[in-house]
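Quick one: sequence plus predicted model below, questions after.
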Amino acid sequence: QRGVSATKHEVHAAIKHLDQGLFPLAFCKVLPDIVGGDQDFCNIMHADTAGTKTSLAYLYWRETGDLEVWKGIAQDAIVMNLDDMACVGCLDQIVLSSTIGRNKNLIPGDVLKAIIDGCSEFLDRLHDHDIVVTLAGGETADVGDIVRTIDVGYTTFARMRRSDLIVNNIQAGDVIVGLASFGQTSYESEYNAGMGSNGLTSARHDVLTKTYGRAYPDSCDPNTSVEYQYTGPHSLLDPIQIGDQEISVGKLLLSPTRTYLPVLRQLIGAMDIHGLIHCTGGAQTKVMNFMEDVEVIKDNLFPLPPLFQLIQRSSATDWKEMYQVFNMGHRMELYLPESEAQRCIEICQGFNLEAQIVGRVVPAEEKKVTIRSDYGEFSYSALR
């Protein structure tokens, strides 16, 4: 009813006849080396945005005047590209370009500056971990007739050796090591609630009060019935207790999308990885797009982080849907032999990143994902 879909079935139907690249099960489309014409190399290009997280940032900025939230939006959109590319083993020497469309009547130049500064600062932090991403420029357009507030997107490109590629070969006997989306890693400056950049339309409307729809009608689609706009109990500044600190609802929802690149740089090449899945659109069912006839069973998930408890409590969303919309505690997962799992976990702990075996892969006649949690057992298959 809000005009969004976790499964994006219409999009998948529209593109199903397109060429899937050299390796259909790879997490990103892998192209021949169009740039260099070398059969030992390949090209990868990727595009993504921060989605409707920009609408949430707009609300928070208008309420508080805090421009810093826009720096997080830049990170959100960049990470949605880089961490997808990391899932095929691409971690370095990446070219980045931005595409920003704004409504100039609502989004002034200081917001644009904050986004651009946020991009530069994030790339500098990656460079500190020997990850080189070079900004090539981009396009900033004033398109108020099309964009209600602002849309922030990036496109990435890399050329890499085919021998360095990771192509998903998820197989029975693998265990799944999940990397937490919440907490505070050694390369983050504050607590991360784990939101990422998926499910923000649902989270924003389900958690926040109708006050925001009345005060900022530009923050939502006028074609959406008022019945479904801002139906929650909270204001942006309501404090939530997280451990020994209080963090506002707005800051929890706006936690910048965590990158796993510093950790993956240590993991990739150091162990036998059969699959890497970035749990973005489709969340805990995302893996179904990149496996063949096996069943993925996730039965040892992280305790549910406070943010996702808050969203479910505010919305009363069915738990099965929650696992299909939100990462629910881990946003990156590695499929590998059980003998490799402990070493993987120990490397993650070196970055103060929680990691654990969250499940396993078993033989099956058709591909299927099963989640066994404190909130019930849920089954997802490609046929439903």
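Here it is on my side, so go on.

Determine the three-state secondary structure at Glu63.
Following DSSP: H, G, I helix; E, B strand; the rest coil, Glu63 is assigned to helix.

Could you check how far Ile297 is from Ile357?
In this view, Ile297 and Ile357 are 11 Å apart by CB to CB, to the nearest Å. Heads up, the C-betas are built off the backbone N, CA and C, glycines and all.

Same drill for these two, tell me which one is more crowded.
Between Ile297 and Ile357, counting by other CB atoms under 10 Å, Ile297 is the more crowded of the two (19 against 16).

correct me, but that one touches Val362?
Yes - Ile297 is in contact with Val362 according to CB atoms under 8 Å; the separation is 6.2 Å.

Please save the CA atoms from the longest strand anywhere in the chain in CSV.
The longest strand of the chain (DSSP state E) is strand 150-161. The C-alpha coordinates for strand 150-161 follow below in CSV (Å, rounded to 0.1, in the frame of the first residue of the first chain):
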residue,chain,number,x,y,z
ILE,A,150,16.6,14.5,-2.7
ASP,A,151,17.8,11.2,-4.2
VAL,A,152,21.5,10.2,-3.6
GLY,A,153,23.0,7.5,-5.7
TYR,A,154,26.5,6.3,-6.8
THR,A,155,27.9,4.1,-9.5
THR,A,156,31.1,2.1,-9.1
PHE,A,157,33.4,0.5,-11.6
ALA,A,158,36.4,-1.9,-11.3
ARG,A,159,38.6,-4.1,-13.5
MET,A,160,39.9,-7.2,-11.7
ARG,A,161,41.5,-10.5,-12.4
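
Distance from the chain centre to that strand, please.
The chain centroid and the centroid of strand 150-161 are separated by 14 Å under CA atoms, centre = their mean, to the nearest Å.

helices or strands next to it in the packing?
Counting contacts by 3 or more CB pairs under 8 Å, 6 or more residues apart in numbering; DSSP states H and E, strand 150-161 packs against strand 41-49, helix 53-64, helix 68-86, strand 94-102.

Go again with 6 Å.
strand 41-49, helix 68-86, strand 94-102 (3 or more CB pairs under 6 Å, 6 or more residues apart in numbering; DSSP states H and E).

List the contacts of that strand.
35, 41, 43-47, 49-50, 54, 73, 77-78, 81, 90, 94-102, 107 (CB atoms under 6 Å, 6 or more residues apart in numbering).

Check which residues of stretch 118-127 are buried.
Neighbour counts over stretch 118-127 (16 or more other CB atoms under 10 Å) mark 118-119, 122-123, 125-126 as buried.

could you give the mean pLDDT of that stretch?
Across stretch 118-127, the average pLDDT comes to 98.

shaky segments in the stretch 1-150 of the chain?
Scanning the stretch 1-150 of the chain for pLDDT under 70 picks out 1-13, 15-16.

Now do the contacts for Asp299.
359, 372.

how much space between Cys28 and Arg214?
42 Å.

swap in Glu377?
Distance, Glu377 to Arg214, by CB to CB: 41 Å.

do Ala355 as well
According to CB to CB, Ala355 stands 44 Å off from Arg214.

what about the strands in the chain?
Applying DSSP E to the chain gives strands spanning 31-32, 41-49, 94-102, 133-142, 150-161, 175-180, 239-242, 245-248, 275-278, 294-298, 330-336, 355-363, 368-373, 376-381.

Quick one: closest of those to Tyr260.
For Tyr260, the closest of the strands of the chain is strand 330-336, at 4.7 Å, according to CB to CB.

Run me through the strand neighbours of the closest one, direction for each.
Strand pairing for strand 330-336, using DSSP bridges, gives strand 175-180 (antiparallel), strand 275-278 (antiparallel).

Can I get these in a markdown table including mean pLDDT and distance to Tyr335?
Output for the strands paired with strand 330-336, formatted as a markdown table (pLDDT from 0 to 100; distance: least, CB to CB, whole Å):
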| stretch | mean pLDDT | distance to Tyr335 |
| --- | --- | --- |
| strand 175-180 | 98 | 6 |
| strand 275-278 | 98 | 3 |
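
so can I have CSV of these showing distance to Asp19 and mean neighbour count?
Below are the strands paired with strand 330-336 laid out as CSV (distance: least, CB to CB, whole Å; neighbours: other CB atoms under 10 Å):
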stretch, distance to Asp19, mean neighbour count
strand 175-180, 30, 25
strand 275-278, 22, 25
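
just so I know, which of these lies nearest Gln241?
Nearest of the strands paired with strand 330-336 (CB to CB): strand 175-180, 19.4 Å.

if we look at that closest one, which residues are touching it?
For strand 175-180, contacts defined as CB under 6 Å, 6+ apart pick out 260, 302, 330, 332-335, 338, 341, 344, 354-355, 357-360.

one step back: out of the strands paired with strand 330-336, which gets nearest to Ser219?
Per CB to CB, nearest to Ser219 of those: strand 275-278, 27.5 Å.

just how off-centre is that closest one within its chain?
With CA atoms, centre = their mean as the basis, strand 275-278 stands 12 Å off its chain's centre.

same check, this time on stretch 184-197
For stretch 184-197, the distance to the chain centre is 13 Å (CA atoms, centre = their mean).

okay, the strands of the chain in JSON lines with distance to Asn169 next?
Shown next, in JSON lines, are those (distance: least, CB to CB, whole Å):
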{"stretch": "strand 31-32", "distance to Asn169": "20"}
{"stretch": "strand 41-49", "distance to Asn169": "17"}
{"stretch": "strand 94-102", "distance to Asn169": "24"}
{"stretch": "strand 133-142", "distance to Asn169": "28"}
{"stretch": "strand 150-161", "distance to Asn169": "18"}
{"stretch": "strand 175-180", "distance to Asn169": "14"}
{"stretch": "strand 239-242", "distance to Asn169": "38"}
{"stretch": "strand 245-248", "distance to Asn169": "40"}
{"stretch": "strand 275-278", "distance to Asn169": "7"}
{"stretch": "strand 294-298", "distance to Asn169": "11"}
{"stretch": "strand 330-336", "distance to Asn169": "8"}
{"stretch": "strand 355-363", "distance to Asn169": "11"}
{"stretch": "strand 368-373", "distance to Asn169": "17"}
{"stretch": "strand 376-381", "distance to Asn169": "21"}
